[in-house]
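Asker: missing the sequence, but the structure's below:
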């Protein structure tokens with residue numbers, strides 16, 4: 001785990017190809033409406049991004065999963081042609097659920113979800129106003145209820161961490177997952 005490096009190192013390979021549904025470059029205005037979303041066009045390096053505001057939204061975990069699923073379809077991660085691709089997409093959805101749930105339980109709820117896809121890596125960022133430091137429970141006790149969220153994130157992700165901005169309340173918890181080869 002890294003809490004200081006904003007991006008994981010290494011070759012990330014070619015970007016997933018194909019898209020279904022609305023093109024990722026079609027703008028969706030952020031209007032202050034609960035669950036307002038925005039989509040950005042691919043940048044010079046092929047980076048695509050989406051943002052979901054949770055302001056005044058309820059049911060934020062299913063909202064985050066649905067938003068992420070739409071992004072996975074737009075970026076060609078879904079529908080999956082193989083079991084490995086299906087597993088990678090399900091891992092992304094599970095990690096989103098865990099990060100948003102963690103913000104709900106420990107940080108007064110999430111403010112925003114950002115998803116970026118660059119080459120073969122999906123980066124998830126959940127911002128909140130909490131002061132705590134997320135960490136996997138040690139020792140991890142598989143048979144006990146609760147306390148598994150950050151353990152799951154640690155196990156499924158290439159890397160994860162926390163970014164704080166000096167003078168700004170809260171934090172961004174980020175996680176990166178790779179596409180299957």
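Answerer: Received it, and whenever you're ready, just let me know what you need. Bear in mind the structure is a predicted one, so any value in this text is a computation, not a measurement.
Asker: Enumerate every residue touching the residue nearest the centre of the chain.
Answerer: The residue lying closest to the centre of the chain (Cα atoms, centre = their mean) is residue 124, at 2.3 Å. The neighbours of residue 124, taking Cβ atoms under 8 Å, 6 or more residues apart in numbering as the test, are 68, 92, 95, 96, 99, 113, 114, 115, 174, 175, 176, 177. From N, CA and C alone the C-beta is placed, and that goes for glycine too.
Asker: Let's see which of these end up in helices.
Answerer: 68, 92, 95, 96, 99 (DSSP state H).
Asker: Three-state assignment for the residue nearest to the centre of the chain, please.
Answerer: The three-state label given to residue 124 by DSSP: H, G, I helix; E, B strand; the rest coil is strand.
Asker: what's near enough to touch the closest residue to it other than its chain neighbours?
Answerer: Counting by Cβ to Cβ, 6 or more residues apart in numbering, residue 175 is the residue found nearest to residue 124 once chain neighbours are left out, at 5.0 Å. By Cβ under 8 Å, 6+ apart, the contact list for residue 175 reads 95, 99, 123, 124, 153, 157, 159, 160.
Asker: now for the lowest-mean-pLDDT helix or strand in the chain, which elements pack on it?
Answerer: Across the helices and strands of the chain, mean pLDDT, DSSP states H and E gives its lowest value to strand 37-40, namely a mean of 71. Judged by 3 or more Cβ pairs under 8 Å, 6 or more residues apart in numbering; DSSP states H and E, the packing partners of strand 37-40 are strand 48-53.
Asker: strand partners of the strand it packs on, parallel vs antiparallel please.
Answerer: strand 37-40 (antiparallel), strand 110-118 (antiparallel) (DSSP bridges).
Asker: what pLDDT, on average, does that strand get?
Answerer: Across strand 48-53, pLDDT averages out at 97.
Asker: for stretch 126-146, same thing?
Answerer: Stretch 126-146 comes out at a mean pLDDT of 79.
Asker: Quick one: end-to-end length of it, please.
Answerer: 20 Å (Cα to Cα, to the nearest Å).
Asker: buried stuff in it?
Answerer: 126, 127, 128, 130, 134, 136 (16 or more other Cβ atoms under 10 Å).
Asker: List of residues touching that stretch?
Answerer: 64, 96, 99-100, 102-103, 106-114, 147-148, 150-151, 153-154, 162, 169-174.
Asker: how about a cut-off of 7 Å?
Answerer: 99-100, 102-103, 106-113, 147, 150-151, 154, 162, 169-173 (Cβ atoms under 7 Å, 6 or more residues apart in numbering).
Asker: what's the distance between it and the middle of its chain?
Answerer: How far stretch 126-146 lies from its chain's middle: 16 Å, per Cα atoms, centre = their mean, to the nearest Å.
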